[in-house]
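*Asks:* Have a look at this prediction, sequence included:
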Amino acid sequence: MIDLNSDPAVMTYILGRPATPDETAAEWRRRLDHQSDAGRGLGYWAGFVAGSFVGWWSASSFDGRPDTSGIGYRLRASSHGRGLATEGAEAMVRQAFSCRDIDRVVASTMAANAGSRRVLEKVGMTQHASWAASPDRRRVPGWERGEVAYELSRAEWTDRTPDLE
Ligand SMILES: CC(C)(COP(=O)(O)OP(=O)(O)OC[C@H]1O[C@@H](n2cnc3c(N)ncnc32)[C@H](O)[C@@H]1OP(=O)(O)O)[C@@H](O)C(=O)NCCC(=O)NCCS
């Protein structure tokens, strides 16, 4: 994760600069302590192609929001543009809804992150909110466009993929 987060191309729309090892350690403490619930099948997955780590995907939990799961992904630059983010995000949506008490999946990204927005759209999520970027995003190109949130309800997902429910 430290190696992944040290690539400026990977971090362009996250911090606008590489993360330090301490920042990455803090990020993963937060993700594992507050956004993972292995007992419910919610959390983070590492992806491998032919034995090589290509990135991570999430169907995460939220403290205090038992009906909601968060979809996320961060791939190595050498693995971009091969459909892997979409393939993994679809698996994450399925994983989240395999948890019976999850009613919606949500995700947020920078408005300028066209690749990430396209992945969310391809898995059936729609934009439902936007807000001004927080100050720690001011190094991200296009930060002025703010952040956007997407969501997909269980009912919408069932309509979209009736054979999978
Ligand atoms: C954003 C990211 C996940 C996309 O991963 P990917 O594996 O290249 O995505 P896919 O190959 O599944 O492509 C999905 C769609 O997005 C489009 N896309 C991908 N990168 C794009 C870009 N930079 N600009 C515009 N569209 C892009 C693809 O063309 C495809 O759409 P299409 O099928 O209509 O052609 C990847 O670039 C990444 O991990 N970036 C760094 C971390 C990051 O920004 N994570 C998201 C934080 S919210």
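*Replies:* Thanks, I have it.
*Asks:* Please, where are all the helices along the chain?
*Replies:* For the chain, the helices defined by DSSP state H occupy 2-5, 8-11, 21-34, 84-97, 114-122, 154-160.
*Asks:* can you redo those helices as JSON lines with distance to the ligand?
*Replies:* Glycine gets a C-beta too; all of them are placed from N, C-alpha and C. Putting the helices of the chain into JSON lines (distance: least, C-beta to the nearest ligand atom, whole Å) gives the following:
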{"stretch": "helix 2-5", "distance to the ligand": "9"}
{"stretch": "helix 8-11", "distance to the ligand": "5"}
{"stretch": "helix 21-34", "distance to the ligand": "12"}
{"stretch": "helix 84-97", "distance to the ligand": "3"}
{"stretch": "helix 114-122", "distance to the ligand": "3"}
{"stretch": "helix 154-160", "distance to the ligand": "17"}
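*Asks:* Out of those helices, which one sits most buried?
*Replies:* Most buried of these, by mean neighbour count (mean count of other C-beta atoms under 10 Å): helix 84-97, with a mean of 20.
*Asks:* okay, that one in CSV with CA atoms only?
*Replies:* C-alpha atoms of helix 84-97 as CSV (Å, rounded to 0.1, in the frame of the first residue of the first chain):
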residue,chain,number,x,y,z
LEU,A,84,-10.0,-4.1,-14.0
ALA,A,85,-11.5,-1.2,-12.0
THR,A,86,-15.0,-1.9,-13.4
GLU,A,87,-14.7,-5.6,-13.1
GLY,A,88,-13.7,-5.3,-9.4
ALA,A,89,-16.3,-2.6,-8.7
GLU,A,90,-19.1,-4.8,-10.0
ALA,A,91,-17.8,-7.6,-7.7
MET,A,92,-17.9,-5.1,-4.8
VAL,A,93,-21.5,-4.1,-5.5
ARG,A,94,-22.5,-7.8,-5.5
GLN,A,95,-20.5,-8.4,-2.3
ALA,A,96,-22.2,-5.4,-0.5
PHE,A,97,-25.7,-6.6,-1.5
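*Asks:* Pull the residues that contact it.
*Replies:* Applying C-beta atoms under 8 Å, 6 or more residues apart in numbering, the contact partners of helix 84-97 are 41-42, 45, 47, 49, 54-55, 57-59, 69, 71-73, 75, 102, 105, 115-116, 119-120, 122-124, 152, 154, 157, 164-165.
*Asks:* per-residue confidence averaged over the strand ranked longest in the chain?
*Replies:* In the chain, ranked by residue count with DSSP state E as the criterion, the top strand is strand 52-61. The predicted model assigns strand 52-61 a mean pLDDT of 98.
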